[in-house]
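*Asks:* Let me see the structure of the following:
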Amino acid sequence: MRKLVCAFLLAGVAATAQQNLTIQQATYGTYQEFAPKSLVSPLWRKDIKAITYLDDSYQKLMQRTEAGNWTESVLVTKEELAAAMEKQFENDTFALQIFPYNYQWRDSSTLQLEVAGKKQVYIVLFDVTAKKVKNGIDFSPEAKNQVLSPDGEYVAWLKDNNIVISGHDAVMQSKVDHILTSDNDKGIVNGSDYTHRQEFGINKGMWFSPDSKKLLYYRKDETMVANYPLTQWSTRIAENNDIKYPMAGEKSEEVTLWIAEHTKNRYIPLKTGEPKEQYLTCVTWSPDSKYVYVGLLNRGQDHLKMNQYNAATGDFVKTLFEEKAETYVEPLHDLTFVPGNDNQFLYRSEKDGYEQLYLYDTNGKLLKKLGYNDVVVQQLLNFTADGKSVFYIGTANKGLDRQLYKVELKSGKTTQLTTASGTHTAIVSTDGTLALDSFSNTTTPNDVSIINLKNNKATSLLKAENPYTGKTVLPKMELVTVTSADGKTPLNGRLIYPANFDASKKYPVMVYVYGGPHAQLVTNDWLGGTGLFDYYMAQQGYVVFTLDNRGSDARGRDFEHVVHRNLGVNEMADQMKGVEFLKSKSFVDADRIGVYGWSFGGFMATSLMLDHADVFKVGVAGGPVVDWKYYEVMYGERYMDTPQENPEGYKSTATTAKAGKLKGHLLMIHGAQDPVVVQQHSMEFIQACIAAGKQVDYFLYPTHEHNVRGKDRIHLNQKIADYFNTYLKK
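*Replies:* Presented below is the predicted three-dimensional model:
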């Protein structure tokens with residue numbers, strides 16, 4: 001009897017374990033409960049054949065060395081770090097929750113760490129052998145965009161719209177905070193990474209010179225840009241929070257670059273000239289600190305000049321080269337100088353069809369094209385020890401895969417170092433002889449190994465188990481190919497079958513769409529590139545389908561630039577080819593097809609609901625662009641030009657003018673604090689629906705910006721699922 005009871009209980013436990021995902025798991029499970037095992041924050045120690053990473057509890061910095069046959073050992077604990085911090089900074093206390101995961105190796109034994117104390121924040125150089133702080137600089141916990149100088153003596157950081165430098169030197173005598181800029185007008189913003197709205201690959205606003213004596217920084221003047229009100233609902237009487245938002249065709253910000261010799265209070269503007277409305281990017285110091293290289297892109301974004309400036313005077317020296325296009329030029333990366341050679345650098349461009357590497361000298365002479373087939377460079381890694389070759393991660397398999405490549409600078413010979421089809425996330429040792437490779441594909445959660453790049457032998461460090469085993473059964477997923485509307489281009493798609501699939505039944509469909517530039521939704525990695533919400537909807541009985549149309553990322557210039565001046569047109573044509581593919585399946589209910597997307601995907605979802613109202617019965621559009629004239633200058637004008645230059649393009653793509661076509665059920669969602677796609681978009685569409693006598697559903701998240709984050713995202717996903725269940729599942 002006891003055996004029968006135990007067997008019954010075990011069966012009950014097994015049945016419970018195999019239940020469908022909850023909406024909480026569908027929202028955050030890929031980062032928490034169902035995250036495949038991996039190495040956290042792995043880095044190679046400089047000049048040592050050793051890999052470091054955080055343990056599973058984030059409490060210790062672990063190490064594996066070639067000399068130790070790659071066995072695991074503890075290098076530093078958070079307690080040892082906290083003790084060293086308290087010894088060095090006696091006036092503060094340190095209760096570390098985790099070992100800092102954003103550590104960097106400065107040399108073979110020195111870590112650069114950012115550590116928060118009870119009173120201040122510190123950037124420190126920590127000796128892992130002696131377990132002591134070698135040097136440290138404290139600054140305000142309210143600091144933003146902090147940058148450490150190469151010599152470790154200064155930290156530049158932002159206090160509101162101004163730059164402060166903290167540090168020690170002979171002039172300052174002791175640790176002081178030096179106010180570098182003092183603009184009282186909040187419309188003058190210094191040193192911010194939010195310059196040109198972070199387009200053109202901009203992720204920094206300040207750069208120390210290699211010799212640490214100068215600080216180069218953006219100075220953004222947006223006093224002439226219109227204020228845009230974001231209503232704050234938290235006060236008894238609602239208040240406006242004004243932001244600067246330059247809309248397409250309107251007055252934009254004016255940006256300059258300045259050099260501060262911070263120990264001498266000397267300021268030098270780079271003479272980047274007119275017109276004032278231009279974009280300054282690819283900002284790079286020369287290795288000898290004598291020059292600054294800047295890419296000047298015109299507002300029309302079709303003409304780039306790569307210029308050199310004298311760092312001592314700010315004077316223009318010369319234009320190294322120019323790049324023009326009939327569509328647009330989009331510089332995204334700083335120059336990378338070849339180690340040991342101050343006169344040669346790598347430049348990344350898609351000018352010949354695919355974003356690839358080019359070797360130039362500082363006279364502007366092209367020395368070698370380093371592109372390989374149709375590979376798109378995704379991440380530039382480090383050089384070999386002799387500086388003769390460089391490693392990078394690039395695409396393969398029509399954009400589905402990521403592989404590790406090595407290219408010789410002199411000959412241009414390229415070698416693909418990883419071969420298994422899937423996604424390789426690799427980092428290479430500083431001497432260029434070893435690679436830590438994390439590999440996944442649709443059947444492999446994560447395999448981590450050390451590859452000897454000389455003999456291609458691999459040492460396995462871990463093979464992650466399927467994290468869903470015994471907890472839930474994910475519906476079947478497969479990667480598919482659909483021919484685009486041009487009749488020749490293969491498009492990558494992902495099809496997730498409903499749970500307990502029965503080919504004799506008819507199922508409703510949720511098409512998940514983005515479709516815009518710089519995004520790729522379908523990849524050959526674990527889960528096929530998506531999160532768990534798609535699988536949750538499949539468990540609820542939907543076919544879930546996604547297609548990366550022309551205009552999306554990782555397939556080259558011509559694939560993406562097809563969107564120019566007519567956003568949404570070719571993208572929708574390709575999505576309808578995806579619908580044809582779905583309708584060819586006997587198990588798809590062609591009368592129950594819905595679409596969901598956010599941001600550009602919200603624009604696509606709304607457009608599809610209107611232009612193909614007889615096909616899509618239900619739609620959810622989150623944070624949608626409804627008329628590109630309400631979108632910001634940098635992104636909007638790249639793809640659409642200005643409304644003055646392209647009135648027909650703006651008119652034909654505006655969903656407000658098509659509101660009368662709406663037939664199905666459409667839910668529009670917006671964050672009231674959205675500074676990216678401002679709420680005016682959805683409000684204009686709602687008003688257009690009212691004028692056209694069309695019913696539309698609307699939901700607002702009062703405190704959220706462009707994305708609904710935190711615990712409220714669970715609420716968002718439940719609302720989306722409920723909407724489809726109410727109007728499409730029945």
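
*Asks:* can you give me the strands in the stretch 1-150 of the chain?
*Replies:* Ranges of strands in the stretch 1-150 of the chain, per DSSP state E, counting those that start in this stretch, are 40-44, 50-54, 60-65, 72-77, 104-105, 110-116, 121-127, 132-139, 144-148.

*Asks:* Nearest to residue 511, out of those strands?
*Replies:* Closest to residue 511 of the strands of the stretch 1-150 of the chain, according to CB to CB: strand 40-44, at 34.8 Å. C-beta here means a position set from N, CA and C on the backbone, and glycine is covered the same way.

*Asks:* name the helices or strands packed onto that closest one?
*Replies:* With contacts defined as 3 or more CB pairs under 8 Å, 6 or more residues apart in numbering; DSSP states H and E, strand 40-44 has these neighbours: strand 50-54, strand 104-105, strand 423-428, strand 434-441.

*Asks:* now with 6 Å?
*Replies:* Applying 3 or more CB pairs under 6 Å, 6 or more residues apart in numbering; DSSP states H and E, we find strand 40-44 packed against strand 50-54.

*Asks:* Mind listing the strands the strand it packs on pairs with, and their directions?
*Replies:* Taking DSSP bridges as the criterion, strand 50-54 forms sheet pairs with strand 40-44 (antiparallel), strand 60-65 (antiparallel).

*Asks:* start to end distance for stretch 189-201?
*Replies:* In stretch 189-201, first residue to last residue: 19 Å (CA to CA, to the nearest Å).

*Asks:* and for it, what are the contacting residues?
*Replies:* Under the contact criterion CB atoms under 6 Å, 6 or more residues apart in numbering, stretch 189-201 has outside partners 145, 158, 161-163, 181, 202-206, 217-220, 255, 279, 281, 331-333, 632, 634-635.

*Asks:* Would you mind getting the angle between the helix or strand harbouring residue 460 and strand 72-77?
*Replies:* Assigned by DSSP states H and E, residue 460 belongs to strand 458-463. Computed by axes from the mean of the first three to the mean of the last three CA atoms, to 10 degrees, the angle separating strand 458-463 from strand 72-77 equals 70 degrees.

*Asks:* Pull out the buried residues from whichever helix or strand comes after strand 458-463.
*Replies:* Counting by DSSP H and E, the next helix or strand C-terminal to strand 458-463 is strand 477-483. Buried residues in strand 477-483, counted by 16 or more other CB atoms under 10 Å: 477, 479, 482.

*Asks:* now, which of these sits nearest residue 350?
*Replies:* Nearest to residue 350 among the buried residues of strand 477-483, with distances taken as CB to CB, is residue 482, at 24.1 Å.

*Asks:* Identify the residues contacting that closest one.
*Replies:* 491, 493, 577, 578, 581.

*Asks:* Would you mind confirming that the fourth one makes contact with residue 546?
*Replies:* No: in this structure, residue 578 is not within contact of residue 546 by CB atoms under 6 Å, at 8.4 Å.

*Asks:* So between these two, which is more surrounded?
*Replies:* When residue 578 and residue 546 are compared for neighbours, residue 546 comes out ahead with 26 against 22, by other CB atoms under 10 Å.

*Asks:* partners of the strand ranked longest in the chain, with directions?
*Replies:* Longest strand in the chain by number of residues (criterion: DSSP state E): strand 588-598. Partners of strand 588-598 in the sheet, by DSSP bridges, are strand 507-513 (parallel), strand 616-622 (parallel).

*Asks:* distance between that strand and the chain's centre?
*Replies:* In terms of CA atoms, centre = their mean, to the nearest Å, the centre of strand 588-598 is set 28 Å apart from its chain centre.

*Asks:* Just the residues contacting the very next helix or strand once past that strand, thanks.
*Replies:* Sequence order places helix 600-611 as the next helix or strand after strand 588-598, per DSSP H and E. With CB under 6 Å, 6+ apart as the test, helix 600-611 has contacts from 513-516, 568, 572, 595, 597, 616, 619, 621-625, 655, 658, 661-662, 666.

*Asks:* Quick one: buried ones out of those residues?
*Replies:* The neighbour-count test (16+ other CB under 10 Å) marks 513-516, 568, 572, 595, 597, 616, 619, 621-625, 655, 658, 662, 666 as buried among these.

*Asks:* so what does the helix or strand hosting residue 258 touch, helix or strand wise?
*Replies:* Element membership for residue 258, per DSSP H and E: strand 254-261. If contacts are counted by 3+ CB pairs under 6 Å, 6+ apart, strand 254-261 sits against strand 215-221, strand 266-269.

*Asks:* Of the strands paired with strand 50-54, flag the one that's most buried.
*Replies:* strand 60-65 (a mean of 21; mean count of other CB atoms under 10 Å).

*Asks:* Can I get that strand in PDB? Just the C-alpha atoms.
*Replies:* The C-alpha coordinates for strand 60-65 follow below in PDB (Å, rounded to 0.1, in the frame of the first residue of the first chain):
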ATOM      1  CA  LYS A  60      33.700  34.800  -6.000                       C
ATOM      2  CA  LEU A  61      36.000  35.400  -9.000                       C
ATOM      3  CA  MET A  62      37.000  32.100 -10.300                       C
ATOM      4  CA  GLN A  63      40.000  31.100 -12.500                       C
ATOM      5  CA  ARG A  64      41.000  28.300 -14.800                       C
ATOM      6  CA  THR A  65      44.600  28.200 -16.100                       C
END
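
*Asks:* Tell me, how many residues neighbour residue 730?
*Replies:* 7.

*Asks:* closest one to residue 246 among the strands paired with strand 50-54?
*Replies:* For residue 246, the closest of those is strand 40-44, at 37.1 Å, according to CB to CB.

*Asks:* and the angle for the closest one with strand 423-428?
*Replies:* Going by the same axes, to 10 degrees, strand 40-44 makes 40 degrees with strand 423-428.

*Asks:* quick one: contacts of strand 40-44?
*Replies:* 51, 52, 53, 54, 101, 105, 429, 430, 436.

*Asks:* mind saving the C-alpha coords of that strand as CSV?
*Replies:* Output in CSV follows, covering the C-alpha atoms of strand 40-44 (Å, rounded to 0.1, in the frame of the first residue of the first chain):
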residue,chain,number,x,y,z
VAL,A,40,29.4,34.6,-15.9
SER,A,41,31.5,37.6,-17.0
PRO,A,42,34.3,35.6,-18.5
LEU,A,43,37.6,37.4,-19.3
TRP,A,44,41.1,36.4,-20.2
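
*Asks:* Hmm, residue 436 and residue 449 touching each other?
*Replies:* No: if you go by CB under 6 Å, residue 449 and residue 436 don't touch, sitting 7.8 Å apart.

*Asks:* Run a quick neighbour tally on the nearest residue to residue 47 once chain neighbours are set aside.
*Replies:* Of all residues not flanking residue 47 in the chain, residue 108 sits nearest, at 4.7 Å (CB to CB, 6 or more residues apart in numbering). Residue 108 has 13 neighbouring residues, counting by other CB under 10 Å.

*Asks:* was I right about residue 108 contacting residue 52?
*Replies:* No: taking CB under 6 Å as the definition, residue 108 is not a contact partner of residue 52, at 11.4 Å.

*Asks:* The protein: helices as residue ranges?
*Replies:* Counting by DSSP state H, one finds helices in the chain at the ranges 2-17, 23-28, 78-88, 532-539, 557-561, 569-583, 600-611, 633-640, 647-653, 680-692, 712-724.

*Asks:* The second one: which residues count as buried?
*Replies:* Just to be clear, that refers to helix 23-28. 23, 25, 26, 27, 28.

*Asks:* What's the per-residue pLDDT of the last one here?
*Replies:* Going back to what we said before, that points to residue 28. Per-residue pLDDT puts residue 28 at 96.
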